[in-house]
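J.: I would like to see how this sequence folds:
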Amino acid sequence: MERRKEPEGSGAAPVPARPDGATLAYCRQLGHALERGFEGDEEKGLFLTNVVEEIAGKELLLCTDPSASIFLERLLEQCDEPALCRLLSALVPLEGALAADRCGSHVLQAALRRAAGLWGEAGGEADRDGELAGLVLQLSSAARGDFLPRARDVYGSFLLRSLLHVLAGSLPAAGSNRENPRKRQPQGPGQRAGQATEFDVPEEFLLELQHFTKLLKENLTVFLVDSVASPVFQVAVQVLSRKLPASGEELCAAVLKYRGASGQAEKQSSLLVYLKDRTGSRLLEGVIGAMGAMDGRLYRRFYRRQLRGRLGELALHPVANYPLQRALGAAPTAQLFLRMLGELLPQLEEVLTRGHPGVLVQLAAGCSRHREGQKELRRALYQALHCDQPKSRRRCCLPLLASLQTYESLYGEATVESETETETQGDEVARLRSVSLHGSLLLQHLLRCEGPGPLTRALGAAATGDLLTLACDPAGSHVYDALYTSGTVSNTQQTRLTRRLAGHYFHLACNRNGSRVLDQIWTSSSIGMRREIAQELADKESDLQRDPVGHHVARNFALSHFRKRPADWEKLQAADGKRRKMFAELLDS
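T.: Numbers count the residues shown, from 1 in each chain. Alright, predicted model coming up:
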């Protein structure tokens, strides 16, 4: 049987032919057994022991086979510590062949995730100085001995990233990388999808991280230009800034001091070149985010040496605008953010024309976060969208911001300039056809800024059709979340905007996104406003009950109870309001 070829330059040993039919059949049977599950820990332990003994000596053959390796990954997910130690002790000597193999690298990653999972499950009772920790250190030492080829290998790069996560005491993802999403196990209480599980690690693990830091610094040029190796550096910066802040700062400082392989002149910024490079910019995004989470000293140095005076150039660049967005989001102080804002404001229209709306979103997010610069940004946005003058155009800014189109694009060149006619036109004619994702994000941040009065007035002046389009759009519906949860929008303004939707509650209730908006309105409304909404919907309760979306609204709003026993319904709503207020106060405290 013909042997499979390994990637060139991997240095891996030749991989044997596929397992015979009997071995593959055995793997399939064991896979079915794992899916059925076990009645108790004793049965599971006996099963694992028998399997480990049966596959002894065949680990390389099974790990590098596309079918058998998936079974091994599932087996590792079920392993207890003794079984995992036995398997790892056989896999560690094969690290050279497995790390650079498409299937073998997945098996090693599964073993590392299971080790981290066992330590995370055991909590403070885990023995992190035992055999399992020693095997992980052996695997790390083997990978470190051939570090640069591993980092530049497509499959070895993934193994190094998993290894760095485990050495730093985090479990980045649950389950196999190749699992069926429909069979994915539910997350634990309080854990979101993609959220890392933290656990304590022995001092030897932290020493290993420091060894990796040294290797990363020595080979910085490779990580800036190699698209396969670059994510290894990004993960290292991420875990070091959390677990070993001093080492993380050291690594970021090495990037800031970098002058290039041939040593650029002092006047020429080598990092500016990499900010415009697809591979280098991704690495610098991770470094910028880490610097923003530190004390701010490194970030200010980066701003002075690399960004100041160049923000407009970076914002217009098709690649460099992404690290700039990360820099805007990581600005540590309001004073520094305002400097960056002032440099970018004159070029917002050109940034929008180039198709880089993420820069605008980050500026709005910064204004919301630092509580500064919102008036200047709003005025610059009006100018960029051509709705600043005459002032009557400002009342039409909602569809312009939501769609990120200029006034002429949405209303036409022949629009009469009179304020009265413009206002009438904005009130009567629905212009919004679709909502841009970035337009929705921009509106959300602006509504959370201090003094959102101009925006709430624009919402009040918008055509009812535009408000409904916004509410029924997957992205636009989140604007209402910001509106009704913002601490800067008063209850009076919220009630006034809710009444603009009167007569259309049924339409919202029967729409997938609109019903969610209606739920948010209901949660934020007073008893009197809830009564108005329920009265309108109760007249069409039978139609709501037949609708696949509307029947949920009828149930949540207790419309049947409202029609039959309105007094009791009001008492229930009052109690619900008190309960929500109490929970909100607890969360705030």
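
J.: C-alpha only now, for contacts and for neighbours.
T.: Will do.

J.: pLDDT on stretch 58-78, on average?
T.: The predicted model assigns stretch 58-78 a mean pLDDT of 89.

J.: Just give me how far it sits from the chain centre.
T.: Between the mean C-alpha location of stretch 58-78 and the chain-wide mean there is a distance of 31 Å, by Cα atoms, centre = their mean, to the nearest Å.

J.: which of the residues in it are buried?
T.: Burial within stretch 58-78, assessed by neighbour count using 16 or more other Cα atoms under 10 Å, is assigned to 59-65, 67-78.

J.: Mind checking which of those are in helices?
T.: Secondary structure assignment (DSSP state H) places 59-63, 67-78 from these within helices.

J.: Which SSE is immediately downstream of the lowest-mean-pLDDT helix or strand in the chain?
T.: Lowest by mean pLDDT, DSSP states H and E among the helices and strands of the chain is helix 419-428, with a mean of 46. Per DSSP states H and E, the first helix or strand lying C-terminal to helix 419-428 is helix 437-448.

J.: helices and strands around the helix or strand harbouring Leu112, which ones?
T.: Using DSSP H and E, Leu112 falls within helix 104-122. For helix 104-122, the contact count by 3 or more Cα pairs under 8 Å, 6 or more residues apart in numbering; DSSP states H and E identifies helix 66-78, helix 81-91, helix 95-99, helix 154-167, strand 170-171 as packing neighbours.

J.: Relative to the last one, what are the paired strands and their orientations?
T.: Paired strands of strand 170-171, with direction, are strand 197-198 (antiparallel) (DSSP bridges).

J.: quick one, whichever helix or strand comes after the partner strand and helix 154-167 angle?
T.: The C-terminal neighbour of strand 197-198 among helices and strands, as given by DSSP H and E, is helix 203-218. Using axes from the mean of the first three to the mean of the last three Cα atoms, to 10 degrees, one finds that helix 203-218 and helix 154-167 are set 140 degrees apart in direction.

J.: And the next helix or strand after helix 203-218, how far out from the chain middle?
T.: Remark: after helix 203-218, the chain's next helix or strand is helix 220-225, criterion DSSP H and E. Averaging C-alpha positions (Cα atoms, centre = their mean) puts helix 220-225 25 Å from its chain's average.

J.: for the helix or strand just after helix 220-225, the distance to its chain's centre please.
T.: Using DSSP H and E, the helix or strand that directly follows helix 220-225 along the chain is helix 230-243. Here helix 230-243 is found 16 Å from its chain centre; the criterion is Cα atoms, centre = their mean.

J.: Need the contact partners of helix 230-243.
T.: Counting by Cα atoms under 8 Å, 6 or more residues apart in numbering, the neighbours of helix 230-243 from elsewhere in the structure are 151, 157-158, 160-161, 164-165, 168, 209, 213, 216, 222-224, 247-249, 251-252, 279-280, 282-283, 286-287, 290, 294.

J.: who does the helix or strand that it is followed by touch, helix- and strand-wise?
T.: On the C-terminal side of helix 230-243, the nearest following helix or strand under DSSP H and E is helix 245-256. Judged by 3+ Cα pairs under 8 Å, 6+ apart, helix 245-256 is in contact with helix 203-218, helix 230-243, helix 278-293, helix 297-302.

J.: between these, which one is nearest to Leu437?
T.: Put simply, out of these the one that sits nearest Leu437 is helix 278-293, at 21.8 Å, with distance taken as Cα to Cα.

J.: Show me what that closest one packs onto, helices and strands only.
T.: For helix 278-293, the packing partners by 3+ Cα pairs under 8 Å, 6+ apart come out as helix 220-225, helix 230-243, helix 245-256, helix 270-275, helix 297-302, helix 321-330.

J.: need the least confident one among those helices, by mean pLDDT.
T.: The stretch with the lowest average pLDDT out of the helices and strands packed on helix 278-293 is helix 270-275, scoring a mean of 88.

J.: Only alpha carbons, please: show that one as PDB.
T.: Coordinates of each C-alpha in helix 270-275 appear next as PDB, following Å, rounded to 0.1, in the frame of the first residue of the first chain:
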ATOM      1  CA  SER A 270       9.500  49.400   9.900                       C
ATOM      2  CA  LEU A 271       6.300  48.700  11.800                       C
ATOM      3  CA  LEU A 272       4.500  51.100   9.500                       C
ATOM      4  CA  VAL A 273       5.300  48.700   6.700                       C
ATOM      5  CA  TYR A 274       4.000  45.800   8.700                       C
ATOM      6  CA  LEU A 275       0.800  47.700   9.600                       C
END
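
J.: Which positions within it qualify as buried?
T.: Judged by neighbour count (16+ other Cα under 10 Å), helix 270-275 contains these buried residues: 270-272, 274-275.

J.: go on, stretch 345-360?
T.: The neighbour-count check on stretch 345-360 (16+ other Cα under 10 Å) flags 345, 347-349, 351-352, 356-360 as buried.

J.: Just the buried residues of stretch 328-340, please?
T.: The neighbour-count check on stretch 328-340 (16+ other Cα under 10 Å) flags 328-332, 334, 337-338, 340 as buried.

J.: With respect to Thr197, which of those residues is nearest?
T.: Distance to Thr197 across these (Cα to Cα) is lowest for Ala330, with 24.1 Å.

J.: correct me, but the closest one touches Gly296?
T.: No: with contact defined as Cα atoms under 8 Å, Ala330 does not count as touching Gly296 (9.3 Å).
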